[in-house]
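Undergrad: here's a sequence, model it:
(one chain, ligands or ions: 2)
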Amino acid sequence: MEKESTLDRILRRGAAAPRNEFDGDQLDLEARESLRRVAGLSTELQDISDVEYRQLRLEKVVLIGTWGSGTLTDAENSLRELAALAETAGADVLDGLLQRRSMPDPATYLGKGKAKELHDLVKSLGADTVIANAELAPSQRRALEDVVKVKVVDRTAIILDIFAQHAKSREGKAQVELAQLEYLLPRLRGWGESMSRQAGGQAAGGMGIGSRGPGETKIELDRRRINTKMAKLRRDIAAMKSARDTKRSQRQKSNVPQVAIAGYTNAGKSSILNRLTKAGVLVENALFATLDPTVRQHETPDGRQYTIADTVGFVRQLPHQLVEAFRSTLEEISHANLIVHVVDATDPDVLGQIRTVHEVVAEVEASAIPELIVFNKADLVSEEDQIRLRGLVPGSLLVSARTGLGIAELETAIAASLPKPDIEFVGVVPYSRGDLVSRAHLAGRVVSTDYVEAGTKLHAFVKPDLAAELEEAKQS
Ligand SMILES: Nc1nc2c(ncn2[C@@H]2O[C@H](COP(=O)(O)OP(=O)(O)OP(=O)(O)O)[C@@H](O)[C@H]2O)c(=O)[nH]1
Ligand SMILES: [Mg+2]
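TA: Ligands and ions are numbered 1, 2, ... in the order given. Next up, the predicted model:
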């Protein structure tokens, strides 16, 4: 029997939670009640500020989040997603808390009082790590750690950790490592202090040069090592990118249209690729199962060849270090003729999911590429919801990679959006239709022209509509 996932537990709890409307007067009361349990995460992970840090090894964790603008449901969904991320990273989520406050506390993320409550909760549950649903400033993380007395990590660290666990290819590993080091650099313990102390050393009365202990020396050394390593990784990634570019330009030269499957993590992108091409790509109910793009050959129902690529999934608040590091991989998307954008139909916030994907697509300058929105997991949604989804995004498709529902329509829709191959034309075009010959020169590929008595003898490859006109004008 499948054990009930923490996510389910949280979902049940979320459903039972009161959903009062808010107004200013209620804020205090609500704030008092608003430390909502969600799920936890904590462990005896390596100090995140260790240079050698690779994996968090999370075990028993408590999640925390704040909730300012937006609805409670959004905040709960976001924390639920963090729970899924934490579990994917290998953590056991014990509990989760949401605090309502307009802004996270600059010092300790949660307010002082709530941080103390968190400490008590962590202690009573025996949790060993707290995960904050945000990217914490280094000082915030340390201050909160001082109060709760267990490790505190943030959402970015979790996502980086999952990527580190899942990266398979040399390129993927290098990209993740670069992102990790970028994240780590400003978080070396004591880095902030060492900087200010060095400055102080210049001024009279400050702690002098002699007061710089071995700690700082080590940190300086670590920083230098990290910077050197990052420079090397950037060079490696650039080299691998050029190999990828060569492969891609070969594909482009061969004139084979390219389709990229993009979408939120766990939406079922790999499942759809497998369904279409029997590619055998790893499918897993885990976030970021796919980090290395798989490219497969496929053909339309009418026999036209195209390539179809699986890509890394996206998530809300995708760490910018990762977008940077994975840019070359994401470029697979920006060179596509069509983006098949897979959306998990069971997500309570499909529009939010779509928006997140559009943001990343825009970052790799792929917004202008035609997009086909495909709601997947249709087998899990009611007929009512199916109608609602279709209404939500006109022109979208509803499929199930699991049952095969709608896959034939998807094949047809992909075929219809791909550029039609050029058609070969051989014939004599009367001089009165010189315009058609000009268009063939402009928009097609002309093999030869010869001027004969009846007109221009043309051999060319042109788009189907022009081919039809040429055929009509042709001298028999
Ligand atoms: N019920 C149902 N489950 C599906 C369907 N398609 C995919 N799944 C499940 O959803 C989970 C995620 O599927 P993947 O294909 O790995 O998703 P992905 O988008 O490639 O995920 P990442 O690579 O992690 O970003 C797996 O557990 C699949 O079995 C579907 O049509 N119906
Ligand atoms: Mg995948």
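Undergrad: where does this structure dip in pLDDT?
TA: 1-58, 189-217, 251-254, 279-293 (pLDDT under 70).
Undergrad: the stretch 1-150 of the chain: helices as residue ranges?
TA: Applying DSSP state H, counting those that start in this stretch to the stretch 1-150 of the chain gives helices spanning 6-16, 27-33, 72-88, 112-125, 138-148.
Undergrad: tell me which of these is the most buried.
TA: Ranked by mean neighbour count, the helices of the stretch 1-150 of the chain are led by helix 72-88 with a mean of 23 (mean count of other C-beta atoms under 10 Å). For every residue, glycine as well, the C-beta is placed using N, CA and C.
Undergrad: what helices or strands is it leaning on?
TA: helix 6-16, strand 60-67, strand 92-100, helix 155-166 (3 or more C-beta pairs under 8 Å, 6 or more residues apart in numbering; DSSP states H and E).
Undergrad: of all the helices of the stretch 1-150 of the chain, which one comes closest to ligand 1?
TA: Closest to ligand 1 of the helices of the stretch 1-150 of the chain, according to C-beta to the nearest ligand atom: helix 72-88, at 8.5 Å.
Undergrad: the closest one near ligand 1 anywhere?
TA: No - in terms of C-beta under 6 Å from any ligand atom, no part of helix 72-88 sits within range of ligand 1; the closest distance is 8.5 Å.
Undergrad: which residue does the stretch 301-450 of the chain have closest to ligand 1?
TA: Gly313 (2.5 Å).
Undergrad: from ligand 2, how far off is that residue?
TA: Per C-beta to the ion, to the nearest Å, Gly313 is found 6 Å from ligand 2.
Undergrad: any idea what sits nearest that residue, other than its immediate chain neighbours?
TA: Thr265 (3.0 Å; C-beta to C-beta, 6 or more residues apart in numbering).
Undergrad: neighbours around the one you found, how many?
TA: If you count neighbours by other C-beta atoms under 10 Å, Thr265 ends up with 26.
Undergrad: that one and Thr311 touch, don't they?
TA: No - at 10.6 Å, Thr265 does not count as touching Thr311 under the criterion of C-beta atoms under 8 Å.
Undergrad: hang on, the earlier thing: a markdown table for the helices of the stretch 1-150 of the chain, including distance to Val295?
TA: Below are the helices of the stretch 1-150 of the chain laid out as a markdown table (distance: least, C-beta to C-beta, whole Å):
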| stretch | distance to Val295 |
| --- | --- |
| helix 6-16 | 32 |
| helix 27-33 | 51 |
| helix 72-88 | 25 |
| helix 112-125 | 46 |
| helix 138-148 | 39 |
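Undergrad: now for those helices, which one comes closest to Glu383?
TA: Glu383 lies closest to helix 6-16 among those, at 22.0 Å (C-beta to C-beta).
Undergrad: pull the contacting residues for Gln420.
TA: Small correction: residue 420 is Lys, not Gln. Lys463, Pro464 (C-beta atoms under 8 Å, 6 or more residues apart in numbering).
Undergrad: what's the spacing between it and Glu469?
TA: Distance check for Lys420 against Glu469: by C-beta to C-beta, to the nearest Å, it reads 15 Å.
Undergrad: can you show me the helices along the stretch 201-350 of the chain?
TA: Using DSSP H, counting those that start in this stretch, helices in the stretch 201-350 of the chain cover 214-253, 269-277, 320-325, 327-334, 350-363.
Undergrad: burial of Ala415, as a residue count?
TA: Ala415: 17 neighbours (other C-beta under 10 Å).
Undergrad: actually Ala231, sorry about that
TA: 11.
Undergrad: quick check, central residue of the chain?
TA: Taking C-alpha atoms, centre = their mean, the centroid of the chain lies closest to Phe314, which sits 1.7 Å from it.
Undergrad: that one bridge partners, please.
TA: On the basis of DSSP bridges, Phe314 is bridged to Tyr264.
Undergrad: going forward, count from 9.
TA: Will do, 9 is the new start, and the previous item becomes Phe322.
Undergrad: quick one, what contacts it?
TA: Ala270, Gly271, Tyr272, Thr273, Thr364, Val365, Val368.
Undergrad: same deal with Pro472?
TA: Lys428, Ile431 are the contacts of Pro472 under C-beta under 8 Å, 6+ apart.
Undergrad: closest to Val264 out of the helices of the stretch 9-158 of the chain?
TA: Here helix 80-96 is closest among the helices of the stretch 9-158 of the chain (C-beta to C-beta), at 34.7 Å.
Undergrad: touching ligand 2 at all, the closest one?
TA: No - against ligand 2, helix 80-96 shows no contacts by C-beta under 5 Å from the ion, the least distance being 12.4 Å.
Undergrad: so what's the gap between that helix and the chain middle?
TA: Computed by C-alpha atoms, centre = their mean, to the nearest Å, the chain-centroid distance of helix 80-96 equals 16 Å.
Undergrad: residues near the closest residue to ligand 2 within the stretch 59-208 of the chain, how many?
TA: When scored by C-beta to the ion, the stretch 59-208 of the chain has His174 as its residue closest to ligand 2, at 9.6 Å. Residues lying near His174 (other C-beta under 10 Å) number 21.
Undergrad: next one: Pro327
TA: When neighbours are counted by other C-beta under 10 Å, Pro327 comes out with 22.
Undergrad: over to Glu391?
TA: So Glu391, with other C-beta under 10 Å, has 8 neighbours.
Undergrad: how close does it sit to ligand 2?
TA: 28 Å.
Undergrad: who's in contact with Ala187?
TA: Leu168, Phe171, Pro327, Gln329, Leu330, Glu332, Ala333, Phe334.
Undergrad: on that earlier part again, give me phi/psi at the residue nearest to Gly321?
TA: phi -60, psi 140 (degrees, to the nearest 10).
Undergrad: and what of Ala475?
TA: Residue torsions, per degrees, to the nearest 10, at Ala475 are phi -60, psi -40.
Undergrad: give the burial count for it, as a bare number.
TA: 19.
Undergrad: how far away is it from His467?
TA: The value you get for Ala475 to His467, if C-beta to C-beta is used, is 12 Å.
Undergrad: and for these two, which residues touch both?
TA: Phe433.
Undergrad: which parts of stretch 153-170 are buried?
TA: 153, 155-156, 158-170 (16 or more other C-beta atoms under 10 Å).
Undergrad: ends of it, what's the gap?
TA: The first and final residues of stretch 153-170 sit 22 Å from each other (C-alpha to C-alpha, to the nearest Å).
Undergrad: where along the stretch 359-484 of the chain do the helices fall?
TA: Using DSSP H, counting those that start in this stretch, helices in the stretch 359-484 of the chain cover 391-400, 415-425, 442-451, 472-481.
Undergrad: who does Arg108 form a beta bridge with?
TA: Applying DSSP bridges, one finds that Arg108 bridges with Trp75.
Undergrad: repeat that for Ile431.
TA: Val470.
Undergrad: that one and Thr315, how far apart?
TA: Taken as C-beta to C-beta, the span from Ile431 to Thr315 is 22 Å.
Undergrad: with Ala251 instead?
TA: 17 Å.
Undergrad: now swap in Ala475 and tell me
TA: 25 Å.
Undergrad: same thing with Ala115?
TA: Distance, Ala115 to Thr315, by C-beta to C-beta: 52 Å.
Undergrad: now, among the contacts of Phe322, which is nearest to Thr457?
TA: For those, the nearest to Thr457 is Ala270 (43.0 Å; C-beta to C-beta).
Undergrad: so what's the residue count around the closest one?
TA: Ala270, neighbours per other C-beta under 10 Å, totals 28.
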